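**Student:** with the sequence up front, the predicted model follows.
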Amino acid sequence: MKDLNVFTTLESLRERVKENGDNSSVALVPTMGALHHGHLELVKKGMSLADEVVVSIFVNPTQFNKKEDLDNYPRTLEHDVRLLSSLGNVIIFTPSVNEVYPENHCDVTLDLGNLEHVMEGEFRPGHFNGVVNVVKRLIEMVQPAYSLFGLKDFQQLAVINFMVKSYDLDTQVVPCDIVREPSGFASSSRNQRLSEQEKFDAVIIHKTMMHLRDLAKKCTPSEAKKKAVDFFNKGTLELEYLTIVDPETLMEIDTWVPGARTCLAAHCNKVRLIDNMELIASELGA
Ligand code: PAF
């Protein structure tokens with residue numbers, strides 16, 4: 001049996017982390033559970049950076065703007081623990097709502113500027129304020145040298161970078177690539193709610209983004225967007241937004257810039273899916 005640790009209280013987590021001595025470094029992988037290959041890649045990256053990896057599993061109620069979404073969010077703790085144990089010595093933190101938000105906890109309200117008004121912000125009011133608060137709290141609880149997040153939630157990553165700088169938190173935010181199935185479909189906890197047919201239909205998301213990559217070589221962003229939306233609408237999913245943005249400001253662009261990215265959200269029947277892809281190589285070649 002591999003050494004596997006599950007902790008529910010901050011006190012017991014701190015005791016465990018202390019066992020390695022004051023100089024050992026910690027990488028934090030914040031999750032809401034329902035783990036998939038994408039999460040495992042984050043954990044592996046964390047293992048390559050730090051002495052210990054803490055994976056938090058906490059379905060944060062304050063970032064759901066629809067109660068139905070919170071109620072339907074998959075909770076698969078046993079499966080998650082098994083998956084993590086396959087990676088070796090991972091510390092798992094599964095705090096209760098009261099542990100994360102004790103009575104004396106005060107929420108912060110951070111002005112995220114444009115970051116909270118575009119894309120997800122427009123369609124999920126209050127969502128990023130919930131994310132800011134829970135990630136800030138988790139970082140303060142775990143005190144990680146590294147905090148790892150997937151590029152799949154591109155806007156979330158931008159918000160977290162902004163939050164970490166704003167509060168001068170002592171952690172390095174490490175972005176990790178999107179993990180895709182061979183079809184191109186991005187790994188996500190929400191995929192568990194899709195039938196095989198729906199997964200097949202949802203591949204239109206990846207196809208559209210690949211099509212956009214080609215269009216980026218020959219059209220302006222607005223022409224490319226129009227053609228991409230037409231292409232997407234040949235499938236059966238319902239598009240919520242498709243946008244081509246500057247990677248820093250997340251503002252829609254009308255001329256191509258390095259790192260230009262498309263971000264989209266669509267409904268596959270009852271499941272809302274998001275994805276994104278870099279369309280023009282960034283200067284650093286990332
Ligand atoms: O990306 C997620 O799973 C969540 O938004 C996060 C970062 C764990 C905060 O609850």
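**Tutor:** Noted; the coordinates are in hand.
**Student:** within range of the ligand, give me the residues from the stretch 101-250 of the chain.
**Tutor:** 131, 134, 135, 153, 156 (Cβ under 6 Å from any ligand atom). The C-beta positions use only the backbone N, C-alpha and C, and glycine is treated the same way.
**Student:** can you redo those residues as TSV with neighbour count, distance to residue 45 and secondary structure?
**Tutor:** Below are those laid out as TSV (neighbours: other Cβ atoms under 10 Å; distance: Cβ to Cβ, whole Å; DSSP: H, G, I helix; E, B strand; the rest coil):
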residue	neighbour count	distance to residue 45	secondary structure
131	24	20	helix
134	21	21	helix
135	25	17	helix
153	18	16	coil
156	21	17	helix
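**Student:** just send these back as JSON lines, with pLDDT too.
**Tutor:** Formatted as JSON lines, those follow (pLDDT from 0 to 100):
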{"residue": "131", "pLDDT": "98"}
{"residue": "134", "pLDDT": "98"}
{"residue": "135", "pLDDT": "98"}
{"residue": "153", "pLDDT": "96"}
{"residue": "156", "pLDDT": "97"}
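**Student:** in a markdown table: those, plus distance to residue 102.
**Tutor:** Below are these laid out as a markdown table (distance: Cβ to Cβ, whole Å):
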| residue | distance to residue 102 |
| --- | --- |
| 131 | 19 |
| 134 | 14 |
| 135 | 17 |
| 153 | 27 |
| 156 | 25 |
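**Student:** pretty sure residue 94 contacts residue 59?
**Tutor:** No - using Cβ atoms under 8 Å, residue 94 is not in contact with residue 59; the gap is 10.0 Å.
**Student:** what lies in contact with the helix or strand where residue 69 lies?
**Tutor:** Element membership for residue 69, per DSSP states H and E: helix 67-72. Helix 67-72 is contacted by residues 59, 61, 64, 193 when judged by Cβ atoms under 8 Å, 6 or more residues apart in numbering.
**Student:** state the distance from the residue positioned nearest the centre of the chain to residue 264.
**Tutor:** Nearest to the mean C-alpha position of the chain, by Cα atoms, centre = their mean, lies residue 153 at 3.8 Å. Note on residue 153: its distance to residue 264, by Cβ to Cβ, to the nearest Å, is 13 Å.
**Student:** which neighbours do those two share?
**Tutor:** residue 274.
**Student:** which residue packs closest to residue 36, ignoring adjacent ones?
**Tutor:** Once flanking residues are discounted, residue 36 sits nearest to residue 187: 4.5 Å by Cβ to Cβ, 6 or more residues apart in numbering.
**Student:** cool, residue 189 as well?
**Tutor:** Computed as Cβ to Cβ, 6+ apart, the closest residue to residue 189 that is not its neighbour in sequence is residue 34, at 3.5 Å.
**Student:** that's a helix at that neighbour, yeah?
**Tutor:** No - counting by DSSP: H, G, I helix; E, B strand; the rest coil, residue 34 is not found in a helix; it is coil.
**Student:** backbone dihedrals for it, please?
**Tutor:** In terms of degrees, to the nearest 10, the main-chain angles of residue 34 are phi 50, psi 50.
**Student:** next: residue 10.
**Tutor:** Taking degrees, to the nearest 10, you get phi -60, psi -40 for the backbone angles of residue 10.
**Student:** hmm, back to that, confidence-wise, which of the contacts of helix 67-72 comes last?
**Tutor:** In terms of pLDDT, the lowest of the contacts of helix 67-72 is residue 193, showing 86.
**Student:** so residue 12 is in which element?
**Tutor:** Using DSSP H and E, residue 12 falls in helix 10-18.
**Student:** list the contacts of that helix.
**Tutor:** 5, 7, 24, 26, 52, 54, 91, 93, 95, 99, 141, 142.
**Student:** which positions in stretch 131-145 come out as buried?
**Tutor:** Judged by neighbour count (16 or more other Cβ atoms under 10 Å), stretch 131-145 contains these buried residues: 131-139, 141-142, 144-145.
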